[in-house]
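K.L.:
Show me the folded form of this:
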Amino acid sequence: MKDLKYDVLIWFIITFIPSIISIRFGTYNIQSGSNFEHVYNLTETAETIRRLEVDIIALQEVDNITIRHPIDQTTYIAQYNKKQPFQYFHFEKMRNFQNGGYGISILSKETSIKRVLTYHYNNTTAEQCTVQREGDYCQGFILFEIPFKYQDNTNLSIYFGTTHLGIGLNGLQQLNEAKQIVQWMTDNIINVSTNPYIILMTGDYNTIPSDDSIKNVMLSLFDDLWTAEDICQKVIDPSNINGYTFDALNPSKRIDYIFILKSLNFPDQIKLNCKIQVVSTLSSDHRPVLLNFDLS
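P.N.:
Next up is the predicted model:
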């Protein structure tokens, strides 16, 4: 009986310890609102995102009032779910495209965003990318800072970012841009932040885990949450045990990621619990990656 009481007590403690923060993240290349057959249907895209039930989601390949898609896709998706719209969202135009913009977005139902940080690869502007060079998508990244407090009002932050790397030049384009991510994070967060933080960096990296861009660059700073089993639990689809994200119909490679970096001074007493999964859907040529993220 004594052991039973002890077990019940432990269960009670574990079950009812409140989370400091609990967020469902996602990352999804939406192919500008076209499905796996390249048929444009932004409503289908928005409905798929609604069903993912995310709090914050990163999107790649987003159009903004272009000739082919004369609509602000980010705003449309943000406001699609009338009952639970994304209250805070940001589209970053990475290059001029068809009299409008082409880039990446982050949408959030969490409104306590402290700041939005942006970076364009090679320090270019959208206007300088009117003519696309071979393999260069003229991209960059967005980073949201989400502040929260712990116990004695210690200030902490979660940074959630996304990118879309170029493709070509035998992998040198991805390698160069991945190096810029690592350097920027080092210069602008790691070397200057005094508060504890966690960085979650997502996106379409157009490169597989064994390539230099991931193996030797991104993993020099971050952990890949799909393979970091000591950090995160995988929810595996039996028909896609490797977590492949491309292409949506017959997935054969993993090129969409969620990376994590925890600061050295992050409190040991705060425990991270997370589950990561790749969701089967044909609403784009990519599959989305979801992360249930909980700190307690």
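K.L.:
what's across from the spatially most central residue of the chain in the sheet?
P.N.:
Nearest residue to the geometric centre of the chain (CA atoms, centre = their mean): residue 202, 3.2 Å. In this entry, residue 202 is beta-bridged to residue 162, residue 258, by DSSP bridges.
K.L.:
Quick one: residues contacting the residue lying closest to residue 84 once chain neighbours are set aside.
P.N.:
Spatially, and ignoring its direct neighbours in sequence, residue 84 is nearest to residue 109 (6.4 Å; CB to CB, 6 or more residues apart in numbering). Just so you know, the C-beta spots here come from the backbone N, C-alpha and C atoms, and that holds for glycine as well. Each residue near residue 109 by CB atoms under 8 Å, 6 or more residues apart in numbering is listed here: 55-56, 84-88.
K.L.:
Just to be sure, which of those are found in strands?
P.N.:
Where the contacts of residue 109 overlap with strands, as defined by DSSP state E, the overlap consists of 56, 88.
K.L.:
Helices along the stretch 1-150 of the chain, start to end?
P.N.:
According to DSSP state H, counting those that start in this stretch, the stretch 1-150 of the chain carries its helices in the segments 2-16, 42-52, 73-80.
K.L.:
low-confidence ranges in this structure?
P.N.:
Scanning the chain for pLDDT under 70 picks out 1-18, 130-135.
K.L.:
can you tell me how far residue 58 sits from residue 121?
P.N.:
17 Å (CB to CB, to the nearest Å).
K.L.:
Which of these two has more residues huddled nearby?
P.N.:
residue 58 (32 against 23; other CB atoms under 10 Å).
K.L.:
Kindly provide the distance from the more buried one to residue 284.
P.N.:
Separation of residue 58 from residue 284 (CB to CB): 13 Å.
K.L.:
Need the overlap of contacts for the two.
P.N.:
residue 28.
K.L.:
Skip the chain neighbours and tell me the closest residue to residue 223.
P.N.:
Ranked by CB to CB, 6+ apart and with sequence neighbours excluded, the top spatial neighbour of residue 223 is residue 260, at 5.2 Å.
K.L.:
count of neighbours near that neighbour?
P.N.:
For residue 260, the neighbour count with other CB under 10 Å is 20.
K.L.:
what about it, helix or strand, and which?
P.N.:
In this assignment (DSSP states H and E), residue 260 forms part of strand 256-262.
K.L.:
roughly how far apart are residue 155 and residue 265?
P.N.:
Relative to residue 265, residue 155 is positioned 12 Å away (CB to CB).
K.L.:
List the contacts of the nearest residue in space to residue 195 that is not next to it in sequence.
P.N.:
Take residue 195 and drop its neighbours on the chain: the residue closest to it by CB to CB, 6+ apart is residue 155, 4.7 Å away. The contact partners of residue 155, taken as CB under 8 Å, 6+ apart, are 147, 149, 195.
K.L.:
related to what we said a few turns ago, I figured the residue nearest to residue 223 hits residue 185, correct?
P.N.:
No - at 12.0 Å, residue 260 and residue 185 do not qualify as touching, with contact defined as CB atoms under 8 Å.
K.L.:
okay, and the common contacts of the two?
P.N.:
Residues touching both residue 260 and residue 185 by CB under 8 Å, 6+ apart: 199, 201.
K.L.:
Is residue 192 located within a helix, as I assumed?
P.N.:
No - assessed with DSSP: H, G, I helix; E, B strand; the rest coil, residue 192 is coil; it does not lie in a helix.
K.L.:
how many neighbours does residue 290 have?
P.N.:
Neighbour count for residue 290, taken as other CB under 10 Å: 21.
K.L.:
swap that for residue 216, sorry
P.N.:
Around residue 216 sit 12 other residues, with neighbours defined as other CB under 10 Å.
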